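# Using only what follows, build the 3D model:
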Amino acid sequence: MLRADFHTHTKLSPCSNMSAEDLVRTALKRNLDVICVNDHNNINGGLLVKKVAGKRLFVIPAEEISSDAGHVIVWKSDGKYSRNTAEIFDRAKDEGSFTVVPHAFDFGRISFGDRLNEF
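Numbering: from 1, shown residues only. Okay, here's the model as predicted:
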């Protein structure tokens with residue numbers, strides 16, 4: 001069985017203060033095998049964490065995009081996605097990327113809420 005955390009951030013996101021080194025160290029200390037780094041509107045943190053981790057930890061660089069309907073996580077992002085929700089899902093599907101709608105019903109921020117089924 002693999003132990004994973006699929007929603008992490010580095011200090012390149014406003015919601016985190018963790019450096020790439022701190023994130024790798026913390027993940028290893030917690031015996032994680034896999035982490036997905038989803039910085040907000042940025043893929044650089046995930047790429048850096050992957051480099052720092054080397055073979056010690058499997059790192060999935062991703063991007064948590066602030067779309068017009070809420071946040072969308074895209075694995076295999078090139079950092080050049082639009083902010084249009086329909087375009088994000090269409091492009092990700094065409095490219096075979098995995099998407100996640102985190103905190104879809106968090107009404108303290110822009111979130112999909114009842115619109116989730118539209119996409």
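# Report the central residue of the protein.
In the chain, the centroid-proximal residue (CA atoms, centre = their mean) is Asn38; its distance is 2.2 Å.
# can you tell me the helix or strand for it?
Element membership for Asn38, per DSSP states H and E: strand 34-40.
# Okay, now the sheet partners of that strand, with direction.
The strands beside strand 34-40 in its sheet (DSSP bridges) come out as strand 4-8 (parallel), strand 58-66 (parallel).
# so of those, which one's packed in deepest?
strand 58-66 (a mean of 21; mean count of other CB atoms under 10 Å). Placement of C-beta: from N, CA and C, glycine included.
# can you give me how far that one is from the chain middle?
Taking CA atoms, centre = their mean, to the nearest Å, one finds the center of strand 58-66 at 3 Å from the center of the full chain.
# tell me the mean pLDDT for the helix or strand following it?
With elements assigned by DSSP H and E, the helix or strand that comes after strand 58-66 is strand 71-75. For strand 71-75, mean pLDDT rounds to 95.
# strands paired with strand 71-75, and their directions?
Sheet pairing for strand 71-75, using DSSP bridges, gives strand 58-66 (antiparallel), strand 99-100 (antiparallel).
# Worst mean pLDDT among these?
For these, where the average pLDDT is lowest is strand 99-100, sitting at a mean of 94.
# what does that strand rub up against?
Residues from elsewhere that reach strand 99-100 (CB atoms under 8 Å, 6 or more residues apart in numbering): 6-7, 72-75, 88-89, 92.
# Next up, the contacts around the residue nearest to the centre of the chain.
Taking CB under 8 Å, 6+ apart, we find Asn38 in contact with 6-9, 46, 62-64, 73, 102.
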